[in-house]
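>>> Mind folding the following:
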Amino acid sequence: MNAIIIEDEPKSADVLRKLLKISNPEIAVIAIASNVKDALKCINELQPDLVFMDIELPDGTGFDVIEKLEFKNFSLIFTTAYDSFAVRAFKYNAIDYLLKPIDVEELDAAIKKISTLSKLTTTRVDTIVEAARNNTVIKKITLPTGTAYEIIALEDIIRCEADTSYTKFFLKDGKRYIVSNSLKHYEDLLPPEKFIRIHHHHLINIDHVVRILKEDGGYAIMSDDSKIEISRRKKENLFECLHKL
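Numbering: from 1, shown residues only. Presented below is the predicted three-dimensional model:
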């Protein structure tokens, strides 16, 4: 696997290169670029399998790079020194990122994850850039399903269900996806004013609640006719959110 490092700090670039050499010798770093202009040239000409992209560059950002690229068929890992809003955007779009200083275990985990997923597409690049640059509510989420990335509108998600360390997504068009992240991961990620954890195993989109049944402690009937048990501890929070609609 050939990789390019986009990093404006020579020391940081060298540390990452050495970590890769020690922990992932199968990855060959074929170029290092320190600005947007050189990054575009390196990636378009060398067409790597993997790119480590710093966010802040002297003449722009990593988002400028991916937005202007001609060649986009590579796996992408962002590197950043700031746990900022942009990191939330990465999570929405199933993009791996590493916080500096880079930890070798986190680096290994990121590389293992991308090896099981498809590479970038033009649509996905546009979604990443839009989400990272827009500080308003994010309207779409990217779900890594093992063989592809599914870009889903949040309004289309009826509910999410825990399945051990996986999460099942149920959409209003009847489609279902299983994703290898925990329900807690998506509870933290999705807008809390819309997505409510009403049970240990269930996270629902309150816009898809059609009625509340009082029987046996309470159930939420969703727009797909599913009947979801409401935990006693979660009931008060659910009704507070429903009253705000």
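>>> Tell me how many other residues crowd the closest residue to Thr61 other than its chain neighbours.
Nearest in space to Thr61, with sequence neighbours left out and distances taken as CB to CB, 6 or more residues apart in numbering, is Ile55 at 5.7 Å. The way it works is simple: take the backbone N, C-alpha and C, and place the C-beta from them, glycine included. When neighbours are defined as other CB atoms under 10 Å, Ile55 has 20 of them.
>>> One more: His202?
21.
>>> That one contacts Ile228, doesn't it?
Yes: using CB atoms under 8 Å, His202 is in contact with Ile228, at 5.0 Å.
>>> Find the residues that touch each one of the two.
Jointly contacting His202 and Ile228 under the rule CB atoms under 8 Å, 6 or more residues apart in numbering are Arg159.
>>> With Leu107 as the reference, measure out to the residue nearest to Thr61.
17 Å (CB to CB, to the nearest Å).
>>> And the helices in this structure, which stretches?
For the chain, the helices defined by DSSP state H cover 10-23, 36-46, 62-68, 85-92, 104-114, 122-133, 183-189, 232-243.
>>> so which of those helices gets nearest Asp173?
helix 122-133 (18.2 Å; CB to CB).
>>> what domains does the record give for this structure?
2-133, 153-243 (automatic domain parsing).
>>> Give me the outermost residue of the protein relative to its centroid.
Centroid-distance maximum for the chain: Glu215 at 37.7 Å, with CA atoms, centre = their mean.
>>> How much space separates Phe170 from Leu203?
To Leu203, Phe170 is 11 Å away according to CB to CB.
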